[in-house]
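Q: Need coordinates for the following:
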Amino acid sequence: MSDSNDQARDSFIKGLEAKAGKPVEELLVLVASWGPGKHGELLAKAKEAFGLGYGHANLLIHLFRDRAEVDAGAAAADAASDPLDAIYAGSKAPVRALHEALMARLVDLGPFEVAPKKANVSLRRSKQFALLGPGSKGRLEVGVNHREAHGTARFEALAPGKMCSHRAFVAAPVDIDDELLAFVREAYEAAV
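A: Predicted coordinates:
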């Protein structure tokens, strides 16, 4: 882009910020919070939400789409280096914090292997004792292999032939409690 085009674009962005009363970065965060949508839908919403005319709203949505493409490319590159990024991508991203909180508590079990798969993470000693991954409703699914254990209201017994014998869900850090850790510990100790 030439210097005059850069100057015109910068001037138009300053006008956008003045009209909306917020910096462009803040506006982009707000647009991202609306979720996916067609260009025209996002444009109409930007005009209404920020009191913008067509030109400024159109620029904002183009900036948002450009940023999303760059972020998607960076996320794809990062996913190649960290498999958890691919497992906890998009709408599953908030579940990663629960995964990491549980993993921080599981280090006290003793040595075990962490083996990321396509959709979840296997925890193994000589055999798999747990499987962690995004579950339904924004929860972390914790699968446990402990065939001798009995199911409870919290630890659902799964049908034979499944990868795990039981599963529970973690919806918030408070769910990573002594009961959950004890159930995983029993599976860990049985996985020799």
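
Q: In the chain, what helix or strand scores lowest on average pLDDT?
A: Confidence across the helices and strands of the chain bottoms out at helix 54-81, with a mean of 75, counting by mean pLDDT, DSSP states H and E.

Q: Name every strand pairing with the top strand by length along the chain and say which way it goes.
A: When the chain is scanned for its longest strand (criterion: DSSP state E), the result is strand 128-134. Sheet pairing for strand 128-134, assigned by DSSP bridges, gives strand 121-124 (antiparallel), strand 140-144 (antiparallel).

Q: Let me have the ones you listed in TSV, extended by mean pLDDT and distance to Gly35.
A: Every residue, glycine included, has its C-beta placed from N, CA and C. Below are these laid out as TSV (pLDDT from 0 to 100; distance: least, C-beta to C-beta, whole Å):
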stretch	mean pLDDT	distance to Gly35
strand 121-124	94	27
strand 140-144	93	22
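
Q: most packed of those?
A: strand 140-144 (a mean of 24; mean count of other C-beta atoms under 10 Å).

Q: Would you list the phi and psi of the residue nearest the centre of the chain?
A: Central residue of the chain (C-alpha atoms, centre = their mean): Ala93, 0.5 Å from the mean position. Phi and psi for Ala93, reported as degrees, to the nearest 10, are phi -60, psi -40.

Q: Walk me through the domains of this protein.
A: Taking automatic domain parsing as the reference, the chain has its domains at 3-81, 89-190.

Q: Which one of these has the poorest average confidence?
A: Mean pLDDT values for those show the minimum at domain 3-81, a mean of 83.
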